[in-house]
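Asker: Fold the following.
(one chain, ligands or ions: 1)
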Amino acid sequence: MGEDTIARFRAWIRRAFAGTASSQDGSPKAGRTASRIGSATRSGPLMQLYEDLCKAFAHEKALGYAINNAQDPESFARLDAAVSALVRAYIEAGHTDYRRYANFNPHHYVRNLIEENEDFELMILCWQKGQGSRVHNHADSHGWLTPLYGEMVEHQYEVTDAGSGEAPADVPPLPGVLAATSPCPTLRHLRTTRVGAGVVTYINDRLALHSVRCPDDCPTEPGGITLHIYSPPIRRVKLYEPESDRIVLRKPGFFTVRGRKLREKH
Ligand SMILES: [Fe+2]
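Answerer: Model prediction:
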């Protein structure tokens, strides 16, 4: 995206919020979360991206639209364009401050929450080569994924047979697991896409399930770093495990939250 396009988008943001989504002191309403990010370590281009995203989401809410995967099509198209433009602008500017949130683990990929509010969550996931997710859903949320560093491979699936009945199943020894049921529905592979830095992908449950993996031949070391925006924040995720004939319901966790390490949750 050229600088003219970015400038036009920022002008649109300014116009969109003039007199509509600003508090009396002129700061955006979404700035209630910005008070936490004013310190030296919580400022910079990535926090500016977060604040700009807040404005884009607040704009749709100010117009009366609900934000979820059943959103009004025109409202979603506007939001999708805004999110994509802001993320691309951050990447094309060559910012690297996201690296302060980068944490890799030799055994599994690592989730790091940058910031969240009631409308969306912004996070960075770190994947060593060969690490990947299970096939999973995204509840009622929008999901944007963009590699910031390296390359990723996404496999998309659809459910072709929901199976009959539902019975409790063995639960895997993972943090945040709430339940497991059997059977796992039949998953049909739809497509595989390889995405590089700056490519903004989008998914929701109405389109497909997916799994994401950092390929063994990723050109960067030790793997890839991806930026994720989920709206609304995802509180429950379904993991589809055909090999165990079960679906696992899990509460997503983080290794770091706002730059601080939590206990053993990923
Ligand atoms: Fe996902």
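
Asker: And for the most centrally placed residue in the chain, nearest residue in space, chain neighbours not counted?
Answerer: In the chain, the residue lying closest to the centroid (CA atoms, centre = their mean) is residue 228, at 2.5 Å. In space, and not counting its chain neighbours, residue 228 is closest to residue 123: 4.9 Å by CB to CB, 6 or more residues apart in numbering. (Glycine included, C-beta is placed from N, CA and C.)

Asker: Run me through the strand neighbours of the helix or strand containing that neighbour, direction for each.
Answerer: Element membership for residue 123 (DSSP states H and E) is strand 121-128. Paired strands of strand 121-128, with direction, are strand 110-116 (antiparallel), strand 223-231 (antiparallel) (DSSP bridges).

Asker: which strands and helices sit next to the following helix or strand past that strand?
Answerer: Heading C-terminal from strand 121-128, the first helix or strand you meet, by DSSP H and E, is strand 135-136. Helices and strands touching strand 135-136, by 3 or more CB pairs under 8 Å, 6 or more residues apart in numbering; DSSP states H and E, are strand 209-213, strand 237-241.

Asker: Which parts of the helix or strand following the last one count as buried, going by neighbours?
Answerer: By that I understand strand 237-241. Using DSSP H and E, the helix or strand that follows strand 237-241 towards the C-terminus is strand 246-250. In terms of neighbour count (16 or more other CB atoms under 10 Å), strand 246-250 has its buried residues at 246, 247, 248, 250.

Asker: quick one: strand 246-250 to strand 237-241, angle?
Answerer: Using axes from the mean of the first three to the mean of the last three CA atoms, to 10 degrees, the direction of strand 246-250 lies 150 degrees away from that of strand 237-241.

Asker: so where is the stretch 1-150 of the chain shaky, pLDDT-wise?
Answerer: For the stretch 1-150 of the chain, the stretches with pLDDT under 70 are 1-41.

Asker: try the stretch 151-266 of the chain
Answerer: For the stretch 151-266 of the chain, counting by pLDDT under 70, the residues that fall below are 162-163, 263-266.
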